[in-house]
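**Student:** Got a predicted model here, sequence first, then my questions.
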Amino acid sequence: MPPGRGLISLFASPYASARLLAGTDEEIASEIGAHAERYLPGLTEATRTALVARWPHGLPEAQPAALRLRRDFLQR
């Protein structure tokens, strides 16, 4: 990763996924990025490139360690 750059992965909730699958990459990145601003203020302005992957029949699975950290993360 070049200095001053970062990489994040964002996933849509299962509730929004079906609707988002029909959108363009730009629409999907914009909507998910806007919602992520709650946790990563300034993300929209800082984003230079967004890659959208569609998995219509899959969901990410959090590891047990990540699930233990979730409550504190959401309370930030």
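**Tutor:** Received the coordinates, thanks. Numbering: from 1, shown residues only.
**Student:** Any regions of this protein where pLDDT drops low?
**Tutor:** 1, 59 (pLDDT under 70).
**Student:** Spatially central residue in it, please.
**Tutor:** In the chain, the centroid-proximal residue (CA atoms, centre = their mean) is Leu10; its distance is 1.6 Å.
**Student:** so Arg54 makes contact with Gly23?
**Tutor:** No: between Arg54 and Gly23 there is no contact under CB atoms under 8 Å: 9.8 Å. C-beta coordinates here come from the backbone N, C-alpha and C atoms, glycine included.
**Student:** Three-state assignment for Ile28, please.
**Tutor:** helix (DSSP: H, G, I helix; E, B strand; the rest coil).
**Student:** That should have said Thr44, apologies.
**Tutor:** helix.
**Student:** ok, how many other residues are close to it?
**Tutor:** Per other CB atoms under 10 Å, the neighbour tally for Thr44 reads 13.
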